[in-house]
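# The following comprises the amino acid sequence and a computationally predicted model.
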Amino acid sequence: MTDGARRTLSAVLPGAGQLAAGRWGAGGTALLVWLGCSTVLIMRADRVAPAIGGSWDEKLAVFALAAGLVGSWLWSWRDVARATTTKQVGISQWDLARRAFSKNRTAVAGLMIIVALYLLALLTPLLAPYDPAAQGNLVTERFVGMSSAHPLGTDQFARDVLSRLLYGARISLLIGFVAVGISVTIGTLLGAVAGYVGGVVDGAIMRFVDMMVSFPQLVLLITIVAVFQPSIFVIIAVLGLTTWPTTARIVRGETLSLREREFVQAARALGYSKRRIILRHVIPNTLAPVIVAATLGIGQTIVLEAGLSFLSLGVQPPTPSWGTMVADGRLVLLEAWWLSTFPGLAIVFTVLSFNLVGDGLRDALDPRLRA
Amino acid sequence: MKKTALSAMAAVLAACGGSERAVSNDPFCQAVLPMVDAYLERVRSENPTPDDDRYGGTIVVGGYGEISDGMNAAVSGDNTATQHQNFVNLMTLIDYDERFEPRPYLAESWEMSPDSLEITFHIRRDVFWHDGQQTDAHDVAFTWDVVTDPLTAFPNAAFWDHWVHGPEGVEVVDDFTVRLHLTRIHADFLDPWRQTAILPEHLLGDVPRDSLRQHPFGTQCPVGNGPFVFNEHRTNERWVFDANPAFPASLGGRPFVDRYIYRIVPDQTTLLTELLTENVDVYISVIPDHAQSVLDDPALELKRFMQRQYIFVGWNSRRPQLADARVRRALTMGTDRESIVRSVVRGYGTVAHTGVPPFHWAFDPNAVEPLPYDPEAARALLDEAGWRDRDGDGVRESADGTRLSFVIKYNTNQTRQQVAEIMQSQLAQIGVEAQPQVVEYTTLMSQIQTPSLRDFDAIVLGWSADFKLDDTDLFHSERIDRPYAFSGTRNPEMDRLLEAISNTADREQAKELWTEYQAVLVAEQPYTFVYFPDRLDGVNRRVRNVVMDTRGDWVNVKDWYLDPASR
Amino acid sequence: MTRYVAGRVIGAVPLVIGIATIVFFAVSLAPGEPGILYIAPGLTQEVIEQMRANFGLDEPVYVRYVKWLGAMLTGDFGYSFSHSRPVLDVLLEFLPNTLLLSGCALLVAFVFGTVIGTLQAVRQYSLRDSAASVVLLFFYSMPSFWLALMLVLMFSLFARNVWDWPFWLPASGMTSTDHDFLSFGGQVWDRVVHLILPVVSLALVLTAGIARYMRASMLEVIRQDYIRTARAKGLSERVVVFKHAMRNSMIPIITLLGLQIPVLFGGTVFIETIFAWPGMGRAIVDAIGTRDYPLIMGGSFFFATIVVLANLVADVLYAVVDPRIRYD
């Protein structure tokens, strides 16, 4: 098939051209996004117009819908074009990594799932059939199994599980992202400072890290949450502030080896301040393991949040989060298995995807592991 | 390499033993337990098991919580502990029959003085402590002294409100006769003696009262005088008791089963699984959502009775939006309590209008005009009280702009969470904004009960509604700065009635007063009484003669027996 | 080496005391007190005060701290409020249970993890490799309590009542109720059978982690020159992989095991709750709810000590096993 044919194909059906070129990862993603957005547009056409004037939530959803449709089309067309027209003069580290990553099928699958997940989370206001907090008839509609009115059943308050699952995605992803963001930021900064400056500062920071690790984490979590009342902010803060030691250790290790590299020595010779060196030279080069740690950390945080909900210290009702849904459903596993199972599966697949992507990144970024 | 790993593991397992009985290394226990073992051996040989195929076997009861203070009746407060003390290991002076009338147990008879301020108990002469010593009036006097001694900090001190405290209140007439003094008579004055087990004076007499709580008698080596003898207690795992062959024949004699085990299983789904796989014989306090699984299994039966407890929403009338009784009545009328009962507890409960439970003698269904579920009337009442939605946001405001909005707090309990969430949804329809908030139990209690704090608007909670009912601490204006008056009620009519009830001995007179009181209560609505929950227990049908009612789940545990074919 | 160890041990003492101190103040300053659990109408202020005094809580926080610290240094951890027993006795009763559970889980995870990781590395990017990754990660991504409950329902309830299997596992407990009456062999078997489900729940997550590290480590080792030499010498692939490569790859796994110890001790609370296993995790969590300060302190102290020791042992082992590492 000629390039021109592929380009035309992509103009008609985003992703098709890339698929024809054998790049099923990129093609699959584009196709998925485009098909998904089109389906939503068709199925929920009646909701789109009112959403434009609705809350910022709904505006964002419409924007995402439009961006998805247009973006996937443009990208697919350009990507096919680019692959055929650019000549490879030199290959950068990142390109090598990207290629290695694309070869890893499971990692690419994970990435596709994550993209789909984010799309779902953004489009939720348009997609969800019911209001997640709306209680149905408490006498007749509690614990209804999967049916046409409620594809995933209802819970103990006669609320629709599917809608709660969709809204819960946002909460769980939000918690995961922000908590890991906090954790990685603190960890990277402290790790880099410790590794680069060395000496007393290093010793002090590492002692602090040791202490955090030796702390009975659960005790701290429970006490803090019990005292400050569980809310999304408290949970994010607590999760973020207790998981940074691992990142710190990794970054410190990397910094120690980077310190002696020529470009860092050159920067020192040039008289740059420590702060500048750390921020602009050291940290950007430690990003590889940090990214890996971050993706794995998101998965870990989502599971931790589920654990907190098990101990009844998770997110406040009626806000749905996957962890709370699994925990709430555990008492009725025999009577209403769908309450725990669907959010449980959602957690598993989300965390799995993040882990696959993280693994793939690690394999791709580490030159020693490439076959 | 794998072979060595496996054999190492086997060695570890063997080393961990487990066949050895868990014995405490406390000196008191080291001294006492051999005596108990010797006594048990002796009475086993002296009292051979009758030739009746009902005798034999082990019963396993599974429950959610550990018995924290064990058999130490002087310091314990929770229901499971008290029941094990009263029905399993120790004895109380009296107990109740099926109609809640007192009947003799440890006390074989009693009489009142003509002025009703003195009661004389005659103690049975055939009851022995499990280390061989006889139970006598000195034990009763000692127990009395302990529970009325402020140093002990006996949690149910209110039991003895009408009695003369301390050594002046008790008189040992002879070894088996003891006389106690009252300050004034009350209709249910004997009830505390049904609740408080008698403790052994010869073992605990010398223990300083303020360290009684830490004494190993409670959880490590209790010595009782009841139908079951203590065998072992593995913390957080199980309590094991053996049948007492020397238990008086006129009280039923030796329990039918050889062994009674209480297992602690802290997860209800696991507990249900254990019941369904016949690993435990009884699942105490089945949650309503599991009831159907028990009913569906032909090998099991579901026992159901009304608990001595009510669930309510307490309003803090110190808050401006909740200060008007009309508002509180409207909130009650805006809540469909019937649907709450049908959904949250699947119908295993009764809607409550006051704190007087239907099984209580003071209960009269026709006496009080209950508030119905009527959102229209609720809206009208709120309008009348001056609360209208002036800015169109769906929530009413008063004339000065205060929004009819508040936070409903509750502790980490699924049922209470559901009540709060349902109310949120229902009250929204009459223009009231209720935001549920979960707070850890201990933190929550300290928030609502610290008189200077009272940090709450509304709270979903449960109180016990015992046989001896007394709302004085809750609603009397004199107690307003004490922990339990968190509703902040000041109603002179209520005060008058509460005092009158407390001073009336005659049930007939008291009943009239109770009716009047309940009418005032409904008008004042310091609480929205939601429902009286039923207690559900899952019992394997192979356990026969199980009677469970409002008196307790273990009330006749000594009379339970196992179907011989199932052993 | 001995200097290094001695230095670490000495450094560990202030660390553990520091942790215990922080926990002490965090928990003491949290609202609520043990007496709150007895609260019911009718309880007067005087009784509450007396209870507080009986619990030893009538003194200001710093006085209590100093007293506690002093007692702790002599080995007296005080009395647990909720169990009415010395804290040390309580913890020592729970410790073997947690050790048994965690130890078995660690062992199982180690064995399976290293083998699976090795097999994955030998065939990198093959279907076997990808499939194994996905399956392991699938279990790794599950909330542990959900996995545990599913296992209980499947292998205990459904196996017996629904699918009529000839053999099913007990849903909870460490031993069955007639354990005392079994023969020795019967008792060992009883324990094994009760261990299966909890250990599997714990080990599945660990196995995934160990397998991944093992895979990465093996991939590095396999590319080394000495492996190529071994192959060139004509040794069979099996000997090369299992005898030479695997042994050298296990080095970082040892540190990993050391780092997993805190996870094992802290994260077992869910498993212990679901399987009614009387372990330390559950004891400490319950203690927080009942504000059983002495037990919380004692438990945190124990936990911190175990973690510090485990890290130290892991570091030492690492140095012993890998001659390239030197701490002096």
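Happy to help now that I have it.
# where are the low-confidence patches of the chain?
Answering for chain A, as no chain was given. A:1, A:80-91, A:139, A:225-227, A:229, A:366-371 (pLDDT under 70).
# meant chain B, my bad for not saying
Ranges of chain B meeting pLDDT under 70: B:1-20.
# OK, now which residue of it is nearest to chain C?
Proximity of chain B to chain C (Cβ to the nearest Cβ) peaks at B:Ala158, 2.6 Å away. C-beta: built from backbone N, CA, C; applies to glycine.
# ok, and the closest non-adjacent residue to residue 350?
This is for chain A. If the residues on either side of it in the chain are set aside, A:Thr350 comes closest to A:Leu117, at 6.1 Å by Cβ to Cβ, 6 or more residues apart in numbering or on different chains.
# You answered for a different chain; I wanted chain B.
Leaving aside its sequence neighbours, B:Thr350 sits nearest to B:Phe532 (Cβ to Cβ, 6+ apart; 4.8 Å).
# Confirm that neighbour sits in a strand?
Yes. Counting by DSSP: H, G, I helix; E, B strand; the rest coil, B:Phe532 is located in a strand.
# Next up, the contacts around it.
Counting by Cβ atoms under 8 Å, 6 or more residues apart in numbering or on different chains, B:Phe532 makes contact with B:306-307, B:309-311, B:349-350, B:352, B:357-358, B:465.
# Could you report the neighbour count for the residue of chain B found nearest chain A?
At 3.4 Å from chain A, B:Thr412 is the closest residue in chain B, using Cβ to the nearest Cβ. Other residues near B:Thr412 come to 18 when the count uses other Cβ atoms under 10 Å in any protein chain shown.
# In the chain, spot the helix with the most residues.
In the absence of a named chain, this looks at chain A. helix A:161-197 (DSSP state H).
# if you could check chain C rather than the one you did, that'd help
Under DSSP H, chain C gives helix C:184-222 as its longest helix.
# What lies in contact with stretch A:38-52?
For stretch A:38-52, the external contacting residues (Cβ under 8 Å, 6+ apart) are A:58-59, A:61-62, A:65, A:69, A:123, A:125-127.
# Near chain C, list only the ones from those residues.
Applying Cβ under 8 Å from any Cβ of the partner chain to those, one finds that nothing falls near chain C.
# Filter the residues you listed down to the buried ones.
A:58, A:61-62, A:65, A:69, A:123, A:125-127 (16 or more other Cβ atoms under 10 Å in any protein chain shown).
# Show me what the longest helix of chain A is packed up against.
Secondary-structure packing of helix A:161-197 (3 or more Cβ pairs under 8 Å, 6 or more residues apart in numbering or on different chains; DSSP states H and E): helix A:105-127, helix A:199-214, helix A:232-242, helix A:244-258, helix A:283-310, helix A:322-329, helix A:338-365.
# Which positions within that helix qualify as buried?
Buried residues in helix A:161-197 (16+ other Cβ under 10 Å): A:161-173, A:175-180, A:182-184, A:186-196.
# Stretch A:337-346 now?
Result for stretch A:337-346 [16+ other Cβ under 10 Å]: buried residues A:337-344, A:346.
# Same check on stretch A:140-151?
A:141-144, A:150.
# In the buried residues of stretch A:337-346, find the pair that's most separated.
Spatial extent of the buried residues of stretch A:337-346 (Cβ to Cβ) is set by the pair A:Trp337 and A:Ala346 at 14.7 Å.
# residue of chain A with the smallest distance to chain C?
Across chain A, no residue is closer to chain C than A:Val351, which sits at 3.5 Å (Cβ to the nearest Cβ).
# re the thing from before, list the helices and strands the longest helix of chain C packs on?
Packing partners of helix C:184-222 (3+ Cβ pairs under 8 Å, 6+ apart): helix B:2-15, helix C:87-122, helix C:127-140, helix C:144-152, helix C:246-266, helix C:269-274.
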